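Asker: structure for the following, please:
(one chain, ligands or ions: 2)
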Amino acid sequence: MTTVLTTCFHRGTLIVAGLAALVAWHAVAAAGDELLVNGNFENGATTPWTGQLMVGDSSSAYGPNHTTTFISGTYCAILQMNRAMTQEVTVDSPCYATLSWKCKRRCNDTNNKTPMHYTVSIDGNVVWGEEKLVDTDGSIWYRKVDNIRLNPGTHTLVFQGRVESGDATVFLDDISLRDMGSMWTELLVNGGFEVSTNRANNIGKILLGWTGGISGNSSSPYHPNHTTTFISQSWCGIVQKSTKLTQVFTNNTTYVATLSWKCKHRYDVNPTIPMYYTVLIDGDVIYGEETLTGTTVYNRSVEGIKLRSGEHTLVFQGRTDNDQDQTFFLDDVSLRVTNKIPGLTFIVR
Ligand SMILES: [Ca+2]
Ligand SMILES: [Ca+2]
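Answerer: Ligands and ions are numbered 1, 2, ... in the order given. The predicted structure is shown next:
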């Protein structure tokens, strides 16, 4: 089932989202991977495309190279009148994809006054078109659609031809659908504090990503695992009193991101003294001051954080009443890209 939530923000962008599938994602395809097979038609056959397409070379009766050099390699696709060509692709993790192709109207015969229309869709949702080709000079058109968001699963790409009347044909070549990267791109480094040096008493200096604070393992005198299992892997971040942990990161486009972390009060020393912390990005509070007490491990997240392109500063700021001695532990800090904006079409399937 496909539901269009919002439309028409920006031509050329489609977002296909599968909310249920987001729960269990894992990265497989690498950025830049080509998702289509035989997009240049150089196997001389239509496979694995399906539909009523044909494949021809420059000496075919259709003459794709008749007026202008068009074909890359030897073959291109030939799509006549109201016919369609289809290919299914499968992605294993959510990604953004870029679709590109080149096309040219057939204008070497007596039908060269007949316009040719075509539309490109994914899962029934139009990503390009309907484009009307009327050229009589053999113009070659290079087309590209960015930011197609594909969720895990199988997606159906369709090039659909249409004529108003009579006979017309479009040639297509070099069709490419590339995985441009996971929508779950992690913007932070060392969010688990595992990159540390082991100094005396199992207290670490954080080597990567963060400034301020220290890190500790379960054998450290801070005892982050003393009352409740807390640490993921070996190390966690430690914030004492009014110190802070800071990470500067840079993103090269505007994102919507989700920040998540877990934290815990140091209960084994001064258990009645609360520990407070606040989370800020670029000085703006994105998570208001929270009080940590007891042995609870808090799993926290903030969704919908809009990050413009550029450098940003994430801060976990500690505080205690009257600068009393208290500490909190921090681990598994993650800032993940969940969306690019603006998007043309959000589609949930
Ligand atoms: Ca080709
Ligand atoms: Ca850790």
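Asker: close to ligand 1: what parts of the stretch 151-300 of the chain are there?
Answerer: Residues of the stretch 151-300 of the chain lying close to ligand 1 by Cβ under 5 Å from the ion are residue 173. Just so you know, the C-beta spots here come from the backbone N, C-alpha and C atoms, and that holds for glycine as well.
Asker: what helix or strand is residue 262 on?
Answerer: Using DSSP states H and E, residue 262 maps to strand 255-265.
Asker: just the C-alphas of that strand, formatted as PDB.
Answerer: Below are the C-alpha coordinates for strand 255-265, written out as PDB (Å, rounded to 0.1, in the frame of the first residue of the first chain):
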ATOM      1  CA  TYR A 255      19.500  17.200   7.400                       C
ATOM      2  CA  VAL A 256      16.900  16.300   9.800                       C
ATOM      3  CA  ALA A 257      18.600  14.100  12.400                       C
ATOM      4  CA  THR A 258      17.800  12.100  15.600                       C
ATOM      5  CA  LEU A 259      20.100  12.300  18.600                       C
ATOM      6  CA  SER A 260      20.000   9.400  21.100                       C
ATOM      7  CA  TRP A 261      22.100   8.500  24.100                       C
ATOM      8  CA  LYS A 262      21.900   6.700  27.400                       C
ATOM      9  CA  CYS A 263      23.000   8.100  30.700                       C
ATOM     10  CA  LYS A 264      23.100   7.200  34.400                       C
ATOM     11  CA  HIS A 265      23.700   8.900  37.700                       C
END
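Asker: run the chain-centre distance for that strand.
Answerer: Strand 255-265 sits 18 Å away from the centroid of its parent chain (Cα atoms, centre = their mean, to the nearest Å).
Asker: do a quick rundown of the helices in this protein.
Answerer: Using DSSP state H, the helices of the chain run over 19-22.
Asker: do you know the pLDDT at the closest residue to residue 337 other than its chain neighbours?
Answerer: Of all residues not flanking residue 337 in the chain, residue 185 sits nearest, at 4.3 Å (Cβ to Cβ, 6 or more residues apart in numbering). pLDDT for residue 185: 75.
Asker: correct me, but residue 185 touches residue 338?
Answerer: No. Taking contacts as Cβ atoms under 8 Å, residue 185 lies outside contact range of residue 338: 9.4 Å.
Asker: what about the closest residue to residue 191 other than its chain neighbours, how many residues nearby?
Answerer: Among residues not flanking residue 191 along the chain, residue 333 sits closest, at 4.0 Å (Cβ to Cβ, 6+ apart). Neighbours of residue 333 under the rule other Cβ atoms under 10 Å: 25.
Asker: ok, now residue 144?
Answerer: For residue 144, the neighbour count with other Cβ under 10 Å is 12.
Asker: who's it bridged to?
Answerer: Beta bridges link residue 144 to residue 100, judged by DSSP bridges.
Asker: tell me the spacing between it and ligand 2.
Answerer: From residue 144 across to ligand 2, the span is 41 Å (Cβ to the ion, to the nearest Å).
Asker: again with residue 133
Answerer: Counting by Cβ to the ion, the gap from residue 133 to ligand 2 is 57 Å.
Asker: what sits against that residue?
Answerer: Applying Cβ atoms under 8 Å, 6 or more residues apart in numbering, we find residue 133 in contact with 103, 104, 105, 115, 116, 117, 118, 141, 170.
Asker: one more time with 6 Å, if that's ok
Answerer: Applying Cβ atoms under 6 Å, 6 or more residues apart in numbering to residue 133 gives the contacts 105, 116.
Asker: and the residue nearest to residue 81 when sequence neighbours are not counted, how close does it get to residue 49?
Answerer: Leaving aside its chain neighbours, residue 81 sits nearest to residue 163 (4.7 Å; criterion: Cβ to Cβ, 6+ apart). Shown here: residue 163 relative to residue 49, a distance of 20 Å by Cβ to Cβ, to the nearest Å.
Asker: more neighbours, those two?
Answerer: More neighbours surround residue 49 than the other of residue 163 and residue 49, with 23 against 18 (other Cβ under 10 Å).
Asker: surely the more buried one and residue 83 touch.
Answerer: No. Judged on Cβ atoms under 6 Å, residue 49 makes no contact with residue 83 at a distance of 11.6 Å.
Asker: count of residues packed around the closest residue to ligand 2 within the stretch 151-300 of the chain?
Answerer: Per Cβ to the ion, residue 192 is where the stretch 151-300 of the chain lies closest to ligand 2, at 3.6 Å. Residue 192 has 20 neighbouring residues, counting by other Cβ under 10 Å.
Asker: can you pull the contacts of it?
Answerer: By Cβ under 6 Å, 6+ apart, residue 192 lies in contact with 232, 233, 332.
Asker: appreciated, that's everything.
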